[in-house]
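J.: generate a structure from the sequence data that follows.
(chains A and B)
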Amino acid sequence: MAGQEQQQPQARDTEVDEDVPAAPPAPAEAQASAATQGVDDLLDEIDGVLESNAEEFVRAFVQKGGQ
Amino acid sequence: MGGAMRVMGSETEYGIHAPSAPGANATMMSARVIQAYAQVTRMRAAGGAETRWDYTDEEPLHDARGWTLERSAAAPEQLTDQPPVLDAEAVALAYGRDELEHDGEDESGTLLMNMVLGNGARLYVDHAHPEYSSPEVTNPRDAVAWDAAGDLVALAAVRRLAADPELPPINLYKNNTDNKSVSYGSHENYLMPRAVPFGDIVRGLTPFFVTRQIICGAGRVGLGQDSSRPGYQISQRADFFETEVGLETTIRRPIINTRDEPHATADKYRRLHVIIGDANLSQASNYLKFGSTAMVLSLIEAGLAPRVEVHEPVAALQAISHDTSLTATLRLLDGRRITALDLQWIYFEAAAKHAQDTGVADAVDGDGHTHAVLERWQSTLTELGSDRAAAATSVDWLAKLSLLEGYRQRDGLGWDDARLGLVDLQWADIRPEKGLYHRLLARDRMQRVVDEAMIARAATEPPSDTRAYFRGRCVSRFGTDLVGASWDSVIFDVPGRGRLQRVPTREPLRGTEALTGVLFARHREAGPFLAELLGLSPGS
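T.: The predicted structure is shown next:
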């Protein structure tokens, strides 16, 4: 099989404390504002691709029955 | 086989919409999609990589509980064993003569409604939607690849239509409802030994199906079949299910579907037809949908399914879908009240133990798939309980919800705002530049299970390790010499031979590259290929 599973870091076992000295954490406020910035950028991008006239577009999406 | 390994496949009915042609007939538009893809493949392969469907083994009225529904008692849309040909007469009846005049017909005078593709899949018009049925694969990672390949097939058709100045552009959506009381399906198929009693399947699967939506629900804006109540829910499909067990797929939808059409040697196998899933864009949700379900089926076959029974499963299914906090409890028949997450953990623990006992999940000596499924299943359940932001990079309904919450917070939108309905719909647009799932994927906000190259290859190449290899290679290599194909047959019409030659492929794990690759390597012409094959029938 040619596909490569790309494993993401696992969240489990995080309760085990490790003796590795942690890097000084970024101030919580800065982290939060970076996250907010990321969401704002994303929403700005999506604003640009959303169909215009949401109400009409959604109303016109009418499907016939399927399985 | 065993663990997460199993012959499996997916079916996707796409939502279809032509914004510039409101009211356009959905069956006609769906036929145009099939037609457009036929044009794409004709350009790709001089041999004409398209083949008609062979209906002789379709048995939509056979019930797994041991009886056959009378044709007269069946709803018309259940009669899926007759070729739906959209011929000139039907077009004229439905649209008037004018429509017929400027509509694209193929050489035979009828619109193509059905194709078998070079990747082993089937692409056809199902009722009023284009449907892609993936080729048979043997593991959940391949299931994700060949399911996503269907989105590329659909995209190629959409592009082709968009480039045609004579026809209105058509959008396709990988979702399951128009939010106006209509639902259309996304189905899974799993091969099982016929010896497993159907009652065991019902008992073992029902609690799992009621709750697996928390890992593979696709999310939906609106509550109730017609979305009359504002809100957000976990599953696209939950509100459309009305009964626990049954044969129908379009009305009175059951949690466990009993259609018994094995498309294989009937006394050895059953094909479990699962109709309760959502169509997934998230690869991780799709992977877990196939992987965890395959593992639960292995538990059932071993007689080791968790002994839990949910009180009123249909109501529980909907209550869980409506609770995005994951705190609602469902009642078990033994009196316990537990959450959907608790119930998924019960199934996970049982599956993990069984996999460990049989050795299939061993990181070195295992089957190469079960270990990865268990890891992802466990990490996803852990995140759903304690780190929803992390889960939102892999779980379909949570990813969509976090995008919607971004809009709600920024613009102060209520759940009944049309813009949130549009985000929900456009999430599922299969075009990478318009589809919101695809925008998140492009920003690496969604995890990948298979890479782009593998999906692109799966759109044209069959899996190597099932009979889909034989079917797909026959279509690509000998397209002009085939008169039909189906899941369990390929029919040749070779010049110089007096009659048609039907090659049965009733064993899903034969017709593989290992068994037939050398034949394809040796023969460029159908005649000699067939002559040698007849001494080495790939499916018998």
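J.: got the contact list for the residue in the stretch 51-200 of chain B that chain A sits nearest to?
T.: In the stretch 51-200 of chain B, the residue that lies nearest chain A is B:Tyr184 (2.6 Å; Cβ to the nearest Cβ). C-beta: built from backbone N, CA, C; applies to glycine. By Cβ atoms under 8 Å, 6 or more residues apart in numbering or on different chains, the contact list for B:Tyr184 reads A:63, A:65-67, B:13, B:15, B:127, B:129, B:176-177.
J.: quick check: the farthest pair among the residues you listed?
T.: Spatially, the most separated pair among these is B:His127 and B:Thr177, at 14.7 Å (Cβ to Cβ).
J.: ok, so of the contacts of B:Tyr184, who is nearest B:Gly246?
T.: Distance to B:Gly246 across the contacts of B:Tyr184 (Cβ to Cβ) is lowest for A:Gln67, with 12.9 Å.
J.: so that closest one sits in a strand?
T.: No: assigned with DSSP: H, G, I helix; E, B strand; the rest coil, A:Gln67 falls outside any strand and is coil.
J.: how near is it to B:Ser133?
T.: Using Cβ to Cβ, to the nearest Å, A:Gln67 is found at 12 Å from B:Ser133.
J.: quick check: phi and psi on B:Leu482?
T.: phi -110, psi 140 (degrees, to the nearest 10).
J.: about what we covered before: neighbour count winner among B:His127 and B:Thr177?
T.: More neighbours surround B:Thr177 than the other of B:His127 and B:Thr177, with 27 against 20 (other Cβ atoms under 10 Å in any protein chain shown).
J.: quick check: bridge partners of that one?
T.: Counting by DSSP bridges, B:Thr177 is bridged to B:Ser183.
J.: list the residues that contact it.
T.: Listed by Cβ under 8 Å, 6+ apart, the contact set of B:Thr177 reads A:63, B:183-184, B:220, B:236-237, B:240.
J.: still on that earlier bit, just give the nearest non-adjacent residue to the residue of the stretch 51-200 of chain B closest to chain A, would you?
T.: Using Cβ to Cβ, 6 or more residues apart in numbering or on different chains and skipping residues adjacent in sequence, the residue nearest B:Tyr184 is A:Gly66, 2.6 Å away.
J.: pLDDT-wise, which helix or strand of chain B ranks last?
T.: helix B:97-101 (a mean of 37; mean pLDDT, DSSP states H and E).
J.: residue of the stretch 201-350 of chain B closest to chain A, please.
T.: Nearest to chain A, among the residues of the stretch 201-350 of chain B, is B:Thr249, at 4.2 Å (Cβ to the nearest Cβ).
J.: let's verify that residue: helix, strand, or coil?
T.: coil.
J.: right, and the helix or strand after the worst-scoring helix or strand of chain A on mean pLDDT?
T.: Scoring the helices and strands of chain A by mean pLDDT, DSSP H and E places helix A:28-49 at the bottom, with a mean of 81. Sequence-wise, the next helix or strand downstream of helix A:28-49 (DSSP states H and E) is helix A:54-60.
J.: what's the average pLDDT for that next one?
T.: Across helix A:54-60, pLDDT averages out at 96.
J.: do stretch B:126-140 as well
T.: What stretch B:126-140 shows for mean pLDDT is 96.
J.: CA-only coordinates of stretch B:452-470 in CSV, if you can.
T.: This file holds the C-alpha atoms of stretch B:452-470, laid out as CSV (Å, rounded to 0.1, in the frame of the first residue of the first chain):
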residue,chain,number,x,y,z
GLU,B,452,-3.2,13.9,-2.3
ALA,B,453,-1.1,11.7,-4.7
MET,B,454,-2.7,8.5,-3.4
ILE,B,455,-6.2,10.0,-3.9
ALA,B,456,-5.4,11.1,-7.4
ARG,B,457,-4.1,7.7,-8.2
ALA,B,458,-7.2,6.1,-6.7
ALA,B,459,-9.4,8.1,-9.1
THR,B,460,-7.9,6.2,-12.1
GLU,B,461,-6.4,3.0,-10.7
PRO,B,462,-8.2,0.1,-9.0
PRO,B,463,-7.2,-1.3,-5.6
SER,B,464,-4.7,-4.2,-6.2
ASP,B,465,-6.0,-6.6,-3.7
THR,B,466,-9.7,-7.3,-4.6
ARG,B,467,-11.7,-8.3,-7.7
ALA,B,468,-12.0,-4.5,-8.4
TYR,B,469,-8.5,-4.8,-9.8
PHE,B,470,-9.8,-7.2,-12.5
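J.: does that stretch reach chain A?
T.: Yes: counting by Cβ under 8 Å from any Cβ of the partner chain, chain A is contacted by stretch B:452-470 at B:454, B:457.
J.: which residues of the stretch 401-540 of chain B lie near chain A?
T.: Taking Cβ under 8 Å from any Cβ, the part of the stretch 401-540 of chain B that reaches chain A is made up of B:403, B:406-407, B:410, B:418-419, B:421-423, B:425-426, B:433-434, B:436, B:439-440, B:443, B:445, B:447-451, B:454, B:457.
J.: which stretches of chain B have low pLDDT?
T.: The model of chain B has pLDDT under 70 over residues B:43-52, B:56-57, B:61, B:64-111, B:536-540.
J.: return the set of buried residues in the biggest helix by length in it.
T.: Taking DSSP state H as the criterion, chain B has its longest helix at helix B:140-162. For helix B:140-162, a neighbour-count test (16 or more other Cβ atoms under 10 Å in any protein chain shown) marks B:140-158, B:160-161 as buried.
J.: parallel or antiparallel, which strands does the longest strand along chain B pair with?
T.: The longest strand of chain B (DSSP state E) is strand B:186-193. Note on strand B:186-193: by DSSP bridges, its sheet partners are strand B:8-13 (antiparallel), strand B:269-274 (antiparallel).
J.: highest mean neighbour count out of those strands?
T.: strand B:8-13 (a mean of 27; mean count of other Cβ atoms under 10 Å in any protein chain shown).
J.: quick one: distance of the next helix or strand after that one to the chain centre.
T.: Using DSSP H and E, the next helix or strand after strand B:8-13 towards the C-terminus is strand B:15-17. A distance of 17 Å separates the centroid of the chain from that of strand B:15-17, by Cα atoms, centre = their mean, to the nearest Å.
J.: please report phi then psi for the residue of chain A at minimum distance from chain B.
T.: As assessed by Cβ to the nearest Cβ, chain B sits closest to A:Gly66 within chain A, at 2.6 Å. With angles defined as degrees, to the nearest 10, A:Gly66 sits at phi -140, psi -170.
J.: filter the buried residues of helix B:140-162 by proximity to chain A?
T.: Residues of the buried residues of helix B:140-162 in contact with chain A (Cβ under 8 Å from any Cβ): B:141-142, B:145.
J.: what helix or strand is the closest residue to B:Leu304 other than its chain neighbours located in?
T.: Using Cβ to Cβ, 6+ apart and skipping the chain neighbours, the partner closest in space to B:Leu304 is B:His354 (5.4 Å). B:His354 is part of helix B:340-358, with elements assigned from DSSP H and E.
J.: got the buried residues for that helix?
T.: Those would be B:340-348, B:350-352, B:354-355, B:358, for helix B:340-358 by 16+ other Cβ under 10 Å.
J.: do stretch A:41-56 as well
T.: By 16+ other Cβ under 10 Å, the buried positions in stretch A:41-56 come out as A:42-43, A:46, A:50-51, A:54.
J.: tell me which of those is nearest to B:Thr382?
T.: Among the buried residues of stretch A:41-56, A:Leu42 lies closest to B:Thr382 (Cβ to Cβ), at 25.6 Å.
J.: B:Ala442 is in contact with the closest one, correct?
T.: No: using Cβ atoms under 8 Å as the test, A:Leu42 is too far from B:Ala442 to be in contact (10.6 Å).
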